[in-house]
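Participant: sequence? don't have it. structure:
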């Protein structure tokens, strides 16, 4: 069970590590920290990580973001693949300038996760398949 992160978040929050893949070159970048945020509509990726993969933002597309506090900002997007819990998610993801990204409901709604706040951990709830 992955544990909640207390280095970046107070109180501690559920953090996952994902791998990003450049769909053109196949290049991989593992270990990207991502906050599991059921309050976020969309997934946001750290721009620096996407740049390390040699990916360029879709230049003509800019999206307006509104935070929980009502502040707005603008973000570009990149088309890539996100690998998480042995699944591949392909899509256009918004880019942000911070060290960690955010896994939003566009991905979380496709998963069954258990958040165990008292134990400060989370887990994937897929049924165990006996072979």
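Facilitator: Perfect, thanks for sending it. What you see is a predicted model; the values in this text were computed from it and never measured. Numbering: from 1, shown residues only.
Participant: rest of the way, CA atoms for contacts and neighbours
Facilitator: Fine.
Participant: so how far is the helix or strand in which residue 45 is found off the chain centroid?
Facilitator: Under DSSP states H and E, the secondary-structure element containing residue 45 is strand 44-46. Remark: strand 44-46 is offset 6 Å from the chain centroid, using C-alpha atoms, centre = their mean, to the nearest Å.
Participant: after it, next one along is what?
Facilitator: On the C-terminal side of strand 44-46, the closest following helix or strand by DSSP H and E is helix 47-52.
Participant: which other helices and strands contact that following helix?
Facilitator: Counting contacts by 3 or more C-alpha pairs under 8 Å, 6 or more residues apart in numbering; DSSP states H and E, helix 47-52 packs against strand 28-36.
Participant: how about a cut-off of 10 Å?
Facilitator: Packing partners of helix 47-52 (3 or more C-alpha pairs under 10 Å, 6 or more residues apart in numbering; DSSP states H and E): strand 13-21, strand 28-36, strand 77-84, strand 87-96.
Participant: direction included, what does the shortest one pair up with?
Facilitator: Translated: strand 77-84. In the sheet containing strand 77-84, the strands it pairs with under DSSP bridges are strand 13-21 (antiparallel), strand 87-96 (antiparallel).
Participant: so which of those is the most surrounded?
Facilitator: Counting by mean count of other C-alpha atoms under 10 Å, strand 13-21 has the highest mean neighbour count of those, with a mean of 21.
Participant: give me the mean pLDDT for that one.
Facilitator: Summarised as a single mean, pLDDT over strand 13-21 is 97.
Participant: how distant is it from the center of its chain?
Facilitator: Relative to the centre of its chain, strand 13-21 is centred 6 Å away, using C-alpha atoms, centre = their mean.
Participant: ditto for stretch 82-93
Facilitator: Per C-alpha atoms, centre = their mean, the centroid offset for stretch 82-93 relative to its chain is 9 Å.
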